[in-house]
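# Give me a 3D structure for the following:
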Amino acid sequence: MPPCAKCSREIPPQATFCPHCGTPNPEARTMTPVDSGAATALLEPNALQEKLQAALGGDYLVEHELGEGGFAHVFAVTDRKLSRRIAVKVLRPEFTGSRSSVQRFIREAESAAKLSHPNILSIFFVGEGQGLVYFGMPLVEGETLDALLRREGQLPEAETIRIGLDVADALADAHAQGLVHRDVKPQNVMLQGAKRRVLVADFGIAKAAGGSGERLTGTGVIIGSPHYMSPEQASGAPDVDQRSDIYSLGVVLWEMLAGEVPFDGPSSQSILVQHLTKTMPSISTKRPTVNHQLAKVVSRCTEKKPEHRFQTAAELADALRACAGAAGAGAARGRGRGGLVLGGVIAAAAILVLGGGWLGWRALRSRSAAGSEGAGAQAGTGEHVAVLPFDAMGGGADSSLSRAAAQLLAQAVGSLYQMQAVDPRDVFGRWTTAKQTPQEPLADLATFAAGLGATQMAVGSIVAAGRQLRISVDVYDTKGQTRLAGGEVTGAGDSLFALVNDLAGLVAVTRCSKPDFNPRHLCFDAPPRLLRPVIVTVPAALAKGAAAPTYWVRVSKAGGVSDAQVRRASSSDSVTTAGLAAVQGASYEPATKGGKVVEAWMSVPVVLRRGP
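As a prediction, the model looks like this:
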């Protein structure tokens, strides 16, 4: 059975939607369109790309498929007239099964295209052709909030408030123009660039307020994600308004603070029943330290009855701004106790290692096991880094602080950069048993790390002087003790966590030579791109049954290919070989980082063309 694109759980072969989260099943082959003549054909990826190219015409170049979600396939496209790259979403056929549903999608997309707000992902155009319905929009370099939550679990309160406030502002603008989103969820919140600018996506599939009341699929399926659906939307009420979006955003706030959704279950129905009947648990039960004012905001958003919630997204935004102001005042009071800062950090570090730190590591590993979306997930590559206890130097540092810094670094390289780190429990346990010290010869430390199954090791030191911390790290290959990367960070004593996160980036650069590794734009700002599709002509006998292969290609600074690997082979060896030669001879634009050209990997699909 195929896994769900969203929740990774198995979907029965004949199911049109995932029974766990409601995401459409891409393998489903059953449709009951009202007007079969208007139904979009079910197409293989290469055929879909060719049809999209024909529909868009010569002003656009369809490069390759970026991915697919519950509602659409997404392609990277070059706008030749404006010399820019955009994303084009092609709706799945189950959502364009009749002429009326096609017209409704186009009408609603045109309404969404009128939205102009810094936190709304704009729509450039909507079109129909070659049996396809598609939207053009900006190509966002970043990730979804869902991907961030999968990596990091709970988010800091300040980050939760910032993201929630930006989403609320976006919704307020849309609501004022008569658009209810109806599917507010982490997968529809994009985080752009290193600063994580918030962009709310997929207003194009929202139903215009005051519309016809028809369900978008024409099959009786209620559009939305069960985990985030309001009670009135779950019940199929025809008069869903902006307060439904407020409920869904409240669930997203709950998840950002708790690291998990409030209601879960074995099926979509069981989750919807909980939203309809169960009282929303207080976020304080999952995160006791959460600010009381913020907890009240989340509670009010998720009231069962719409009249008990915030009545407008603007009202919710004002409440979140008040929470942000309260958090800022609290931070200012904390800075006033400067003499106690470093001691408090050291004490907290000791608690982290000796107490709840292992639970945090276990939670992190559990979340990572659930899967990761977007570029850069490197699970199962066989490369592991062991972060060894740091050398504590200076009068203010002790073994508790040095071990805490090492543990935090092991967590950060995993959660921020998807590197495989040896469990700190194994490192510290064997370290103590073997009576190791950070001052031992590099070769001995490498032998110790290799004994843990690590191919790399991070060794470092931490210096505490007054209210300042200085942490340095060096990464070595455990086989030959070759230095791979390293550096130093310095900051205030109360910024240990931020310093360690910066340090993680210095460790993670060792992975920049790996295919598709670029979390947080670590390796490049703008990715390499294919200048024109790679088309391979194959005999008709092979073209009929052969799947198109894809490859990993390392694009050199000069725009050539310095290395190429097969990512997914064709069922025909000759097709795979021909495709490899074609991608090696193709034209590319290299990646850039900080205004400079850099070498980087990219995934390249091949389009098969039937020959004689």
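# what about the residue nearest the centre of the chain, distance to residue 67?
The centroid of the chain falls nearest to residue 147 when counting by Cα atoms, centre = their mean (2.6 Å). Distance, residue 147 to residue 67, by Cβ to Cβ, to the nearest Å: 12 Å. The way it works is simple: take the backbone N, C-alpha and C, and place the C-beta from them, glycine included.
# One more: residue 585?
26 Å.
# Between these two, which has more neighbouring residues?
residue 67 (14 against 10; other Cβ atoms under 10 Å).
# shouldn't the more buried one be in contact with residue 74?
Yes: contact status for residue 67 versus residue 74: in contact at 5.5 Å, counting by Cβ atoms under 8 Å.
# how about residue 489, secondary structure?
Recorded secondary structure, residue 489: strand (DSSP: H, G, I helix; E, B strand; the rest coil).
# show me the contacts for it.
For residue 489, the contact set (Cβ atoms under 8 Å, 6 or more residues apart in numbering) comprises 470, 471, 472, 499, 502, 503, 506.
# Just the closest of those residues to residue 125, please.
Taking Cβ to Cβ as the measure, residue 125 lies nearest residue 502 of the contacts of residue 489, at 40.7 Å.
# Could you say which helix or strand holds the closest one?
helix 496-508 (DSSP states H and E).
# Could you give me the buried positions within that helix?
Within helix 496-508, the residues that qualify as buried are 496, 499, 500, 501, 502, 503, 504, 505, 506, 507, 508, counting by 16 or more other Cβ atoms under 10 Å.
# Contact partners for the last one?
Translated: residue 508. If a contact means Cβ under 8 Å, 6+ apart, then residue 508 has 413, 416, 417, 419, 519, 522 as its contacts.
# Equivalent analysis for the second one, please.
Contacts of residue 499 were listed using Cβ under 8 Å, 6+ apart, and they are 469, 471, 489, 490, 491.
# per-residue confidence for the residue nearest to the fourth one when sequence neighbours are not counted?
Of all residues beyond its chain neighbours, the one nearest residue 490 is residue 470 (4.6 Å), with distances taken as Cβ to Cβ, 6 or more residues apart in numbering. For residue 470, the model assigns a pLDDT of 87.
# ditto for the one 5 residues further on
For residue 475, the pLDDT comes out at 94.
# Phi, psi for residue 237 please.
Main-chain torsions, residue 237, degrees, to the nearest 10: phi -60, psi 140.
# Next one: it from residue 276, what distance?
11 Å.
# and what of residue 574?
57 Å.
# Next: residue 53.
Residue 53 is 45 Å from residue 276, where distance means Cβ to Cβ.
# Listing request: residues of the stretch 51-200 of the chain with sub-threshold pLDDT.
Scanning the stretch 51-200 of the chain for pLDDT under 70 picks out 69-70, 93-98, 101.
# Going by residue numbers, what spans are helices in it?
Per DSSP state H, counting those that start in this stretch, the stretch 51-200 of the chain carries helices over the ranges 99-113, 145-152, 157-176.
# What residues of the second one count as buried?
When you say that, I think you mean helix 145-152. In helix 145-152, counting by 16+ other Cβ under 10 Å, buried: 145, 146, 147, 148, 149, 150, 151, 152.
# do the last one as well
Using 16+ other Cβ under 10 Å as the test for burial, helix 157-176 gives 157, 160-175.
# surely residue 501 meets residue 415?
No: taking contacts as Cβ under 8 Å, residue 501 lies outside contact range of residue 415: 9.2 Å.
# among the helices of the stretch 51-200 of the chain, which is nearest residue 91?
It is, among these and with distance given as Cβ to Cβ, helix 99-113, at 6.5 Å.
# Extract the CA atoms of that closest one and return them as CSV.
Extracted C-alpha coordinates of helix 99-113, given in CSV (Å, rounded to 0.1, in the frame of the first residue of the first chain):
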residue,chain,number,x,y,z
ARG,A,99,-16.8,21.6,-15.9
SER,A,100,-18.5,23.3,-13.0
SER,A,101,-15.7,22.5,-10.6
VAL,A,102,-13.1,23.7,-13.1
GLN,A,103,-15.0,27.0,-13.4
ARG,A,104,-15.3,27.3,-9.6
PHE,A,105,-11.6,26.8,-9.1
ILE,A,106,-10.7,29.4,-11.7
ARG,A,107,-13.2,31.8,-10.2
GLU,A,108,-11.8,31.3,-6.7
ALA,A,109,-8.2,31.6,-7.8
GLU,A,110,-9.0,34.8,-9.6
SER,A,111,-10.5,36.1,-6.3
ALA,A,112,-7.3,35.0,-4.4
ALA,A,113,-5.1,36.6,-7.1
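# what's the angle between that helix and helix 157-176?
Compare the direction of helix 99-113 with that of helix 157-176 by axes from the mean of the first three to the mean of the last three Cα atoms, to 10 degrees and you get 120 degrees.
# What are the buried residues along helix 99-113?
101, 102, 104, 105, 106, 108, 109, 111, 112, 113.
# try stretch 306-316
Going by neighbour count (16+ other Cβ under 10 Å), the buried part of stretch 306-316 is 306, 309, 310, 312, 313, 314, 316.
# Let me know the closest of the buried residues of helix 496-508 to residue 302.
In terms of Cβ to Cβ, no member of the buried residues of helix 496-508 lies closer to residue 302 than residue 501, at 30.7 Å.
# Not counting its neighbours along the chain, what's nearest that closest one?
Sequence neighbours aside, residue 412 is the residue nearest to residue 501 in space, at 5.3 Å (criterion: Cβ to Cβ, 6+ apart).
# quick one: pLDDT of the one you found?
With respect to pLDDT, residue 412 has a value of 86.
# same check, this time on residue 274
Per-residue pLDDT puts residue 274 at 90.
# tell me the secondary structure for it?
helix.
# And it, how far from residue 252?
Distance from residue 274 to residue 252, counting by Cβ to Cβ: 17 Å.
# For the protein, give me the ranges with low pLDDT.
Along the chain, segments meeting pLDDT under 70 span 1-46, 69-70, 93-98, 101, 204-224, 325-382, 394-399, 494, 543-545.
# Can you spell out the domain ranges of it, please?
Listed domain ranges for the chain are 36-138, 142-330, 340-513, 529-610 (source: automatic domain parsing).
# separation between the residue lying closest to residue 322 once chain neighbours are set aside and residue 287?
The shortest distance from residue 322 to any non-neighbouring residue, by Cβ to Cβ, 6+ apart, is to residue 293 (6.9 Å). According to Cβ to Cβ, residue 293 stands 14 Å off from residue 287.
# just the strands in the stretch 351-500 of the chain please.
Using DSSP state E, counting those that start in this stretch, the strands of the stretch 351-500 of the chain run over 384-387, 391-393, 420-421, 456-465, 468-477, 483-492.
# Check the stretch 151-300 of the chain too.
Secondary structure of the stretch 151-300 of the chain by DSSP E, counting those that start in this stretch: the strands cover 189-192, 197-200.
# what pairs with the first one, and is each one parallel or antiparallel?
To tie it back to what came earlier, the one meant is strand 189-192. With DSSP bridges as the test, strand 189-192 is paired with strand 142-144 (antiparallel), strand 197-200 (antiparallel).
# For those, could you give me JSON lines that also reports mean neighbour count and distance to residue 387?
Shown next, in JSON lines, are those (neighbours: other Cβ atoms under 10 Å; distance: least, Cβ to Cβ, whole Å):
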{"stretch": "strand 142-144", "mean neighbour count": "20", "distance to residue 387": "24"}
{"stretch": "strand 197-200", "mean neighbour count": "22", "distance to residue 387": "31"}
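# Go through those strands and name the closest to residue 191.
Of the strands paired with strand 189-192, nearest to residue 191 by Cβ to Cβ is strand 142-144, at 5.0 Å.
# Let me know the closest of the buried residues of helix 496-508 to residue 459.
Nearest to residue 459 out of the buried residues of helix 496-508 is residue 507 (Cβ to Cβ; 10.9 Å).
# Setting aside sequence-adjacent positions, which residue approaches residue 292 most closely?
In space, not counting the residues next to it along the chain, residue 292 is nearest to residue 284; the distance is 7.9 Å by Cβ to Cβ, 6+ apart.
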